[in-house]
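[1] sequence and predicted structure are below.
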Amino acid sequence: MVHSEDIEIAKNARNNAYSPYSKFCVGVALRCKNGKVYSGCNIENHGIQGICGERTAFAKALSEGEREFESIIICAAPKGEEPTNECMPCGYCRQFISEFVDKDFIIGLYDNGNIKEYTIDELLPHAFKL
Ligand code: ZN
């Protein structure tokens, strides 16, 4: 179940995106099982070492000691445009997320005012594991 306030957090996080090259702004809200919510946005640079909004939020939460996660909302669109279509996490983020979540974790993609919900197994059915 997605918390409606997380949608607003994700939409607002888009305003902090640093994306001068792609002009594509991503905002996310990562909810922990303890109720805390961490926002994230994409951060680009001249090289290829930019970071997606999903991994930004996970890095913030993990570095604060969080280890149990409930859901993530992803909201994305070109700069200056309202988000309309769902934006799937990239392959790197899917693999990264799979390290830290269980089968009940919700990946919610904002789509025309609605949230489409997926599990990590649906988005990454054959995750790499050692
Ligand atoms: Zn990504």
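    That came through, no problem.
[2] what strand or helix carries G40?
    With secondary structure defined by DSSP states H and E, G40 is part of strand 37-41.
[3] S71 too?
    Using DSSP H and E, S71 falls in strand 69-78.
[4] can you pull the buried residues of that strand?
    If you call a residue buried by 16 or more other CB atoms under 10 Å, then strand 69-78 has these buried ones: F69, E70, S71, I72, I73, I74, C75, A76, A77. (Glycine included, C-beta is placed from N, CA and C.)
[5] what's across from the third one in the sheet?
    Put plainly, it is S71. In this entry, S71 is beta-bridged to R31, I106, by DSSP bridges.
[6] near the ion, which residues of this structure?
    C52, C90, C93 (CB under 5 Å from the ion).
[7] could you tell me how far the helix or strand that the last one is a member of lies from the centre of the chain?
    Pointing back at C93 there. Secondary structure assignment for C93, by DSSP H and E: helix 91-98. Here the centre of helix 91-98 is set off from its chain's centre by 10 Å, with CA atoms, centre = their mean, to the nearest Å.
[8] for this structure, give me the ranges with low pLDDT.
    Applying pLDDT under 70 to the chain flags no residue at all.
[9] ranges for the strands of the protein?
    24-32, 37-41, 69-78, 106-111, 114-118 (DSSP state E).
[10] list the buried ones in the fourth one?
    By neighbour count, and taking 16+ other CB under 10 Å as the criterion, the buried residues in strand 106-111 are I106, I107, G108, L109, Y110.
[11] related to what we said a few turns ago, contacting residues around the strand holding G40?
    3, 5-6, 9-10, 12-18, 25-32, 53-61, 64, 66 (CB atoms under 8 Å, 6 or more residues apart in numbering).
[12] same question for stretch 118-127.
    So stretch 118-127 is contacted by 88-89, 91, 94-95, 97-98, 101, 103-109 (CB under 8 Å, 6+ apart).
[13] only the C-alpha atoms, please, for the strand holding G40, written as CSV.
    The C-alpha coordinates for strand 37-41 follow below in CSV (Å, rounded to 0.1, in the frame of the first residue of the first chain):
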residue,chain,number,x,y,z
VAL,A,37,10.8,8.6,4.5
TYR,A,38,14.0,9.5,2.6
SER,A,39,13.8,11.6,-0.6
GLY,A,40,16.1,11.3,-3.5
CYS,A,41,16.8,12.9,-6.9
